[in-house]
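Chemist: what follows is a predicted structure for the sequence shown.
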Amino acid sequence: MILVLPIILPLFFMVVLIFTRRWLAFQQHFSLLASVILILVSVILLIDVEQNGIATLQVGSWIAPYGITLVVDLLSAIMLITVSFIAIVIMIYSPGFIDKGRQSAGYYPISFGLLMGVNGAFITGDIFNLYVWYEVMLTSSFVLIALGGSAEQLRGSIKYVTINFIASVFFVAAIGILYGLTGTLNMADLAFKLRTMGDIPYLDGALMLFFIAFSVKSALFPFFFWLPASYHTPPIPITALFAGTLTKVGIYTMFRFYSLFIVDNTLFWKTFILVIAGLTMTIGVLMAASQFDIRKILSFHIISQVGYMVMGLGLFTVGGIAGAIYFMVHNMLSKTNTFLAGGLVYQRSGSYDLKHLGGLYKASPLLALLFFIPAMSLAGIPPLPGFFGKFFLIKGGFEAGDYFITGVAILVGLFTLFSMVKIWNEAYWKKEPEEVKKGKVSRRAIAATTMMAIAVVLLGLFAGPVSEITVEAARQVVFPDLYINAVLGK
Amino acid sequence: MLFLFAILIGVLYGAAIYLLLRRNIFKLVLGLIFLGHATNLLLFVAGGLTRGFPSFLRDLPGEVENMADPLPQALILTAIVISLGVTAFALVLVYRFYSVTKTVDLDELSENE
């Protein structure tokens, strides 16, 4: 029964928060408490899955292929924990950063709507249900990105809403075609049928539609252009929440789909995904290097880093997937952390533009450190987790014998270092320009960012034990029999 | 029947893409609406077209293969509600954008990028 909690609890919290919209202090404390409860539930789920294998729940006792199934395997549990942790940090950070108008306009309840959608997408075992959770998540994100309604935000939202609606249309069309081909929507049952029914015509077409839908959501080449055009418009905590969660849901779904549904033409799909991964990494990092707005550099970086995760997927060995999962966890934390640190810079100096910043290292070593840790982690400096993530991935690449993509990954790592050093040089080391105004940085925001930075460091220090769990999770992804048997009860 | 549906879906998709490529943001929203409808119809057709037979009821004449599959219809119901919600949101957004910036032109929208 505990399986239902990651979905039911956010819904409950959202309802409570909607009705208490006017009491800001209550909202701030309650949302923090609520996210702590969410992480506790996720940890219990992880322990349960670790000990008893994949957990399933047939909602309403409808047996597997007919009803909606909820499934938690190790990968889902890891994602749930990471997302809940990000939620905690964001909830601490937000009150000091987001203005009162936005807060009382429903920032907290809608954030929990977003969390409900994200958790639902991680847990569900049914493709149409997955689509519904995607929509819950996206609709919440539409509201969050437009909340406050400045002209710049509205401009970003129109692009965001349009492109995501088009991607959802692809998703629904693919579901319709897949249902027409196989007559089932349950993911495990679909996987089972695809393995036993033999040759199904048009299957690759439907899968390609799915792939397009998910690559739009997770900002893969060539569908990434909407992300930098819209992510820099809302206030930083919202961007950080999006950066930490939304694109990774797309990647998570790709992991699921690839492991369950790619049965024939594996060589084509592998090559195709590796090519896309290489292009995504390279183009993302090159475009990041050409920007001067902190938020834009970081937004383009999301794209480049997503490429790494997809690379692990393309390798599709236990080593590669384990590396990708570790990298994903690291990236969700570090990326959120860099955005939060960028927000601190903004509070201190009133600008995101590198040309108008400077001297922050001298003015506030703490701020500098809080940016330095995740930035170096993203660039892959040991002993921070970014190093281990890339190390596992590159090791996986060599073991799988895909030297070209591995070489690209190493090169892109160097460029990442370059653009992080660029922010560092311009914002922290350069002499402070005369006209910079000195704002006050909120204590809560600093505390939240520190918490995230500590989490990043810890993830690096405990890379050993964490990677054991990710390898186990990768095994469950690479050998889908476990998943299929757990759901269908065979 | 299937042929007619295919033509209809194709026309709807064509119209949707044409509208999505316009510069006016209100036409963009119209394009989104068409896109949603085209896809819902596609979902409908994917479930198989059967005429004159209910889906679930027993004791009616007709073989199993003549029955309509109820699931796609349930799916469309959900999909329609979702696309209605998104459309409503997009309309409000576009209206809000117009009242803040006094323009409906996408080219002016992408200024300062």
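Modeler: Yep, it's here.

Chemist: and the pLDDT at residue 92?
Modeler: In the absence of a named chain, this looks at chain A. Among the per-residue scores, A:I92 holds a pLDDT of 92.

Chemist: oops, wrong one, chain B.
Modeler: Note on B:V92: pLDDT of 91.

Chemist: host element of it?
Modeler: helix B:70-101 (DSSP states H and E).

Chemist: does chain A sit close to that helix?
Modeler: Yes: if you take Cβ under 8 Å from any Cβ of the partner chain as the test, helix B:70-101 does meet chain A, through B:71-72, B:75, B:78-79, B:82-83, B:85-86, B:89-90, B:93-94, B:96-97, B:100-101. For every residue, glycine as well, the C-beta is placed using N, CA and C.

Chemist: which positions within that helix qualify as buried?
Modeler: By neighbour count with 16 or more other Cβ atoms under 10 Å in any protein chain shown, helix B:70-101 contains the buried residues B:71-72, B:75-76, B:78-79, B:82-83, B:86-87, B:89-90, B:93-94, B:96-97.

Chemist: packing partners of it?
Modeler: Of the remaining helices and strands, those touching helix B:70-101 by 3 or more Cβ pairs under 8 Å, 6 or more residues apart in numbering or on different chains; DSSP states H and E are helix A:127-146, helix A:151-182, helix B:25-46, helix B:106-109.

Chemist: on that earlier part again, so which of the buried residues of helix B:70-101 is the closest to B:F3?
Modeler: Within the set of these, B:P72 lies nearest B:F3; the separation is 18.8 Å, counting by Cβ to Cβ.

Chemist: and the angle for the helix holding B:V92 with helix A:127-146?
Modeler: Using axes from the mean of the first three to the mean of the last three Cα atoms, to 10 degrees, the inter-axis angle of helix B:70-101 relative to helix A:127-146 is 10 degrees.

Chemist: show residues contacting stretch B:70-81.
Modeler: Where contact means Cβ atoms under 8 Å, 6 or more residues apart in numbering or on different chains, the residues beyond stretch B:70-81 that reach it are A:128, A:132, A:172, A:175-176, A:179, A:185, B:36, B:39-40, B:43-44, B:46-48, B:55-56.

Chemist: show me which of those are buried.
Modeler: Of the members of the contacts of stretch B:70-81, the ones counted as buried by neighbours, 16+ other Cβ under 10 Å, are A:128, A:132, A:172, A:175-176, A:179, A:185, B:36, B:39-40, B:43-44, B:46-47.

Chemist: doesn't A:G358 belong to a strand?
Modeler: No: A:G358 is assigned coil when assessed by DSSP: H, G, I helix; E, B strand; the rest coil, not a strand.

Chemist: how much space between the nearest residue to it once chain neighbours are set aside and A:L333?
Modeler: Closest residue in space to A:G358, ignoring its immediate chain neighbours: A:K430 at 3.9 Å, by Cβ to Cβ, 6 or more residues apart in numbering or on different chains. When distances are taken as Cβ to Cβ, to the nearest Å, A:K430 and A:L333 turn out to be 28 Å apart.

Chemist: of those two, which one has the most company?
Modeler: For A:K430 versus A:L333, the count of surrounding residues by other Cβ atoms under 10 Å in any protein chain shown is larger for A:L333: 25 against 16.

Chemist: contacts only, for that one.
Modeler: With contacts defined as Cβ under 8 Å, 6+ apart, the neighbours of A:L333 are A:82, A:85-86, A:244, A:374, A:385, A:452, A:455-456, A:459.

Chemist: find me the pLDDT at it, would you?
Modeler: We note a pLDDT of 92 for A:L333 in this prediction.

Chemist: that one is in what secondary structure piece?
Modeler: Under DSSP H and E, the secondary-structure element containing A:L333 is helix A:318-349.

Chemist: give me the contacts around the next helix or strand after that helix.
Modeler: Counting by DSSP H and E, the next helix or strand C-terminal to helix A:318-349 is helix A:360-363. Defining contact as Cβ under 8 Å, 6+ apart, one finds that helix A:360-363 is touched by A:345, A:348-349, A:367-368, A:427-429, A:432, A:438.

Chemist: do I have it right that A:I158 meets B:R96?
Modeler: No: when contacts are counted by Cβ atoms under 8 Å, A:I158 is not listed as touching B:R96 (9.9 Å).

Chemist: which bits of chain A sit near chain B?
Modeler: Contact residues of chain A with respect to chain B, defined by Cβ under 8 Å from any Cβ, are listed as A:128, A:132, A:135, A:139, A:142-143, A:146, A:149-151, A:154-155, A:157-158, A:161-162, A:165-166, A:168-169, A:172-173, A:175-177, A:179-180, A:185, A:229.

Chemist: A:I177 contacts A:F210, correct?
Modeler: No: in this structure, A:I177 sits apart from A:F210 without contact. The criterion is Cβ under 8 Å, and the distance is 9.5 Å.

Chemist: what bits of chain B have low per-residue confidence?
Modeler: B:48, B:50-68, B:108-113 (pLDDT under 70).

Chemist: near chain A, which residues of it?
Modeler: Taking Cβ under 8 Å from any Cβ as the measure of proximity, chain B contacts chain A at B:20, B:25, B:28, B:32, B:35-36, B:38-40, B:42-43, B:45-48, B:71-72, B:75, B:78-79, B:82-83, B:85-86, B:89-90, B:93-94, B:96-97, B:100-101, B:109-110, B:113.
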